[in-house]
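Undergrad: everything below, folded, please.
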Amino acid sequence: MKNYYALAVLLFVLQYINGQTNIVTYAGNNGRETFYDVMQLSDGTFLVSGYASDLNWINNTVPKTQLTYTAAIPNAQGTNKFGFILQLSQDMQTILNVVHFPQGAVEDIRFMKTNSLPYTQTGELFISCNTSDSVANGGGYIIAKLNHNFISGLPTACTWIRTVQAQTGPKEYHPWDVTSNGEVYYISGEAYGYNWSAVYCLNTNGQLKVVPNWRTHWLTNGSEWKGTPASANPLGGIAAVAYSGIVLKIWGRCDLRSWTNTDYNAIISDGNGGTKKGKWPLDVLFNSPCDPNNPTAVSPGYTGYAAAAGSPVYGGESICVDKRTNELYIGLNFKSVLPGGQPDFEPAVIAMDATGNLKWWSRLYHEITPSGNTVNSSPDQYIDALAIDYTNNKLVVGARCHGNNSENFWEGNTINSNPSAFGFQNNFTGGNGNIHISWLGKLNLNNGMLTNATFMAELAEGTGSLGTPHTDPNLDGWPNPNSGWPNVNTTRMAKNGLKVASNGDVCVLGIGRRTITTANAYQKMIKPSQGKSAWNSFVRVYDSQFHVPKYSSLIVGQWNTTTETGGDNTEIFGVYKTNLGVVCVGRQKANSINVAIGNNLPVTNVTPWGSSTPSGESAILVYYQASNLMDSNDFLNQPLFTKNDSQNNISIYPNPSKGIFIIQTSEKINKIKITSFIGQTIFEKTIDDEIYNNFIDISHHPKGVYFISITDSLQKTTTQKIVIQ
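TA: This is a model prediction of the structure:
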């Protein structure tokens, strides 16, 4: 009997796996359309945001709701686009709703975020949108809270809107995130300029708020006070404080610098076996602490780095919030000058508790090596993205370096806290110097200690020294990056595009050249012996320790492998990990007269609302599925129901499925009942024999979310959610 059931389970699982469906589709018409962000709601439907010249490509039967708002939006120099959100059915075949701003009100809807943990009941919905106006008029981007989240109801209005004056880095990256209680941290201003940049916090009503242990506070009388906590302000105490900020500027400021000799001279761990001097990340540029009442900025600091004279403003580009604790993580860069006078850029990751106290900071490379040598790191280095790995309590950092030297981002196999660690690509290899390549690392949330790392640098066209094939069969015969010393080429990840799966796997979007793809990829890169590569967009899912890519696929036009033409024509901006694979959105680029560039994507299972060919600048949606990406936890973890757990080790799989489910339990089952999302009973069965494994076929029912209640011989009932895809 056991062998029979084991075989049956295998057959059903294989049937399910073979039934997986990739989707690659265009969207739009003869205007310009781009998809920017994607997320899945806890009811299984998807949201896709972006912009379009018009909405005529969406069927007239689809409900369209125009958002109302009361705040002024600075978009006077806009291009008359619609910023929109599509709600797609769980199988992506149907557009259920369109929510949009009035034409010309915003340039797009760039990011969507909620105040809930990933893969739990969807919380409140927040968005950011690009605006086009002069900086003096507040141009940059807006952050808004919607009045509904598509589950509680259809959004019809912005509850509040915050205008964010921004240009260069902050405008390109949209650095903001939401706390569990609906407050928002964000960065405004510019990067590497003369004027202004700062971190602020909004309360639940979208108003600037006080953060007690930040060090700059603006008072109700219009003056400014520097100190902590905010309640210690001598001009009226906490009642006199209007709001707080972290000023990302050197001139006349002391934020992110030590205020005492003790803090300035502190020798602390760098998080990877070495040390660094200074409690705060900007101490490295200066020869003394900073007195907030009489700010000075005399360079160089202890490693020989000096502040860049013409760039007093730092580049704040990433914000991330741990929604369990509401602790804040900031990624920024600052322009510096090497001891020999050459320009440079240095990164910093900063962790603060919910009250604004500094927890730790990381440079991501050694300043004082484990052997005691004080060093510089001459490649320009930047933070491109931050995300939380909730399962493993890690901060995931996406970073980038311009060039290479003996001291660069930490290597994947030289990790002090984990000597046996290794990354898929431990080093920056080869001799190409004037290129940008990416790096991924994981730091402990509580202390910033490095635990895992890998470079992400795809192969240069025509390189040798490739090394031996990787032993993992899913790497499809591609060389192990750690066995040779090939030249690599520029590889850049999407801005603030990192996503983390429920098990800690890391999803990243990138642009590369001869990109390594996996055997299970939908669109593969050809091997060097098969022809020439082309620049391409790609999506990659690394395992939680960065040992190997579990999935790596291109998203690019089918280029000519002799002439290299036809590729380098897509931009992919948003990614989301589901229980079956990864969803990615972006666009195929067009020229100035809106003619699509390059060759078409290899489309498959084009959606009824989509198109098999681009028409000018066209939005792209892909849903890549693979058996090793299947994880039922990458859906709703928090139940929508009260669970009476009978402790009988019930297992239901595959879930989601095409409608055939296998039930395994250690106790005898007496009754099975399945109800729809609205409570209608669709299946009911009483079991009188001793079968402990049961096969349920409800594949004739519509796709969607259902609830299965299993009653055991002790008359205890367990209810779980199942999904028909």
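
Undergrad: any idea of the pLDDT on V184?
TA: Looking at V184, its pLDDT is 98.

Undergrad: likewise for the one 3 residues further on?
TA: Per-residue confidence at I187 stands at 98 (pLDDT).

Undergrad: check D177 too.
TA: With respect to pLDDT, D177 has a value of 98.

Undergrad: residue contacts, it?
TA: When contacts are counted by CB atoms under 8 Å, 6 or more residues apart in numbering, D177 is found next to 113, 184-185, 319-321. Backbone N, C-alpha and C define where each C-beta goes, glycine included.

Undergrad: restricted to strands, list those.
TA: Per DSSP state E, strands hold the following members of those: 113, 184-185, 319-321.

Undergrad: please, where are all the strands along the stretch 401-550 of the chain?
TA: 436-444, 450-456, 492-493, 499-500, 506-512, 536-542, 549-555 (DSSP state E, counting those that start in this stretch).

Undergrad: with mean neighbour count added, can I get the ones you listed in TSV?
TA: Output for the strands of the stretch 401-550 of the chain, formatted as TSV (neighbours: other CB atoms under 10 Å):
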stretch	mean neighbour count
strand 436-444	25
strand 450-456	27
strand 492-493	20
strand 499-500	22
strand 506-512	25
strand 536-542	26
strand 549-555	26
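
Undergrad: of all those, which lies closest to T94?
TA: Nearest to T94 among the strands of the stretch 401-550 of the chain is strand 549-555 (23.0 Å), distances taken as CB to CB.

Undergrad: show residues contacting the closest one.
TA: 24, 424, 474-475, 505, 515-518, 520-525, 536-543, 570, 572, 581-582, 584, 586, 601, 620, 622, 624, 626, 628-629.

Undergrad: reformat the ones in strands among the contacts of D177 as CSV; add neighbour count and distance to V723.
TA: What follows is the ones in strands among the contacts of D177, written out as CSV (neighbours: other CB atoms under 10 Å; distance: CB to CB, whole Å):
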residue, neighbour count, distance to V723
K113, 19, 24
V184, 26, 32
Y185, 23, 34
I319, 23, 33
C320, 25, 29
V321, 23, 29
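
Undergrad: what's the most distant pair in these?
TA: V184 and C320 (12.5 Å).

Undergrad: from the ones in strands among the contacts of D177, which is closest to S438?
TA: C320 (17.3 Å).

Undergrad: from V48, how far out is the nearest residue to the closest one once chain neighbours are set aside?
TA: Excluding the flanking residues, the one nearest C320 by CB to CB, 6 or more residues apart in numbering is L386, at 3.8 Å. Distance, L386 to V48, by CB to CB, to the nearest Å: 23 Å.

Undergrad: next: T168.
TA: 27 Å.

Undergrad: repeat that for F573.
TA: F573 sits 11 Å away from V48, going by CB to CB.

Undergrad: mutual contacts of those two, please.
TA: In contact with both F573 and V48: 35, 37, 585, using CB under 8 Å, 6+ apart.

Undergrad: how about those in CSV, adding distance to A144 and neighbour count?
TA: Output for the shared contacts of F573 and V48, formatted as CSV (distance: CB to CB, whole Å; neighbours: other CB atoms under 10 Å):
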residue, distance to A144, neighbour count
F35, 19, 26
D37, 14, 24
V585, 20, 26
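
Undergrad: can you pull out the helices in the stretch 201-350 of the chain?
TA: In the stretch 201-350 of the chain, the helices defined using DSSP state H, counting those that start in this stretch lie at 261-264.

Undergrad: please produce a markdown table containing the strands of the stretch 401-550 of the chain, extended by mean pLDDT and distance to N393.
TA: Listed next are the strands of the stretch 401-550 of the chain as a markdown table, based on pLDDT from 0 to 100; distance: least, CB to CB, whole Å:
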| stretch | mean pLDDT | distance to N393 |
| --- | --- | --- |
| strand 436-444 | 98 | 7 |
| strand 450-456 | 98 | 10 |
| strand 492-493 | 98 | 23 |
| strand 499-500 | 98 | 12 |
| strand 506-512 | 98 | 15 |
| strand 536-542 | 98 | 18 |
| strand 549-555 | 98 | 21 |
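
Undergrad: and those as a markdown table, adding distance to G659?
TA: Shown next, in a markdown table, are the strands of the stretch 401-550 of the chain (distance: least, CB to CB, whole Å):
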| stretch | distance to G659 |
| --- | --- |
| strand 436-444 | 38 |
| strand 450-456 | 39 |
| strand 492-493 | 38 |
| strand 499-500 | 28 |
| strand 506-512 | 28 |
| strand 536-542 | 27 |
| strand 549-555 | 25 |
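
Undergrad: between the ones you listed, which one is nearest to N130?
TA: strand 506-512 (18.8 Å).

Undergrad: about what we covered before: nearest to V298 among the ones in strands among the contacts of D177?
TA: The nearest one, if we look at those relative to V298 and count by CB to CB, is I319, at 30.5 Å.

Undergrad: show me what contacts the nearest residue to L332 once chain neighbours are set aside?
TA: Residue nearest to L332 in three dimensions, not counting chain neighbours: G316, with 4.4 Å by CB to CB, 6+ apart. Residues in contact with G316 (CB under 8 Å, 6+ apart) are 169-170, 175, 187, 189, 191, 197, 199, 248, 330-332.

Undergrad: buried members of the contacts of strand 549-555 into ChimeraX, please.
TA: The ChimeraX command for the buried members of the contacts of strand 549-555 (criterion: 16 or more other CB atoms under 10 Å) is given here:
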select :24,424,474,475,505,515,516,517,518,520,521,522,523,524,525,536,537,538,539,540,541,542,543,570,572,581,582,584,586,601,620,622,624,626,629
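
Undergrad: got any ranges where this protein has weak pLDDT?
TA: Applying pLDDT under 70 to the chain flags residues 1-20, 637-649, 666, 677-678, 688-694.

Undergrad: helices along that one, start to end?
TA: Shown for the chain, the helices assigned by DSSP state H span residues 2-18, 168-173, 261-264.

Undergrad: check which helices and strands the second one sits against.
TA: Applying 3 or more CB pairs under 8 Å, 6 or more residues apart in numbering; DSSP states H and E, we find helix 168-173 packed against strand 140-146, strand 184-189, strand 315-322.

Undergrad: off-centre distance for that helix?
TA: 16 Å (CA atoms, centre = their mean, to the nearest Å).

Undergrad: what are the contacting residues of that helix?
TA: 130, 140-141, 164, 187-193, 197, 315-318, 384, 495-496.

Undergrad: related to what we said a few turns ago, now tabulate the contacts of D177 in TSV and tack on distance to C254.
TA: Converted to TSV, the contacts of D177 look like this (distance: CB to CB, whole Å):
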residue	distance to C254
K113	31
V184	25
Y185	21
I319	21
C320	25
V321	25
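
Undergrad: out of these, which is nearest to G372?
TA: The closest of the contacts of D177, once distances to G372 are taken by CB to CB, is C320, at 33.1 Å.

Undergrad: so what's the closest one bridging to?
TA: Taking DSSP bridges as the rule, C320 bridges to Y329.

Undergrad: show me the contacts for it.
TA: Taking CB under 8 Å, 6+ apart as the test, what C320 contacts is 177, 328-329, 331, 386-388, 395.
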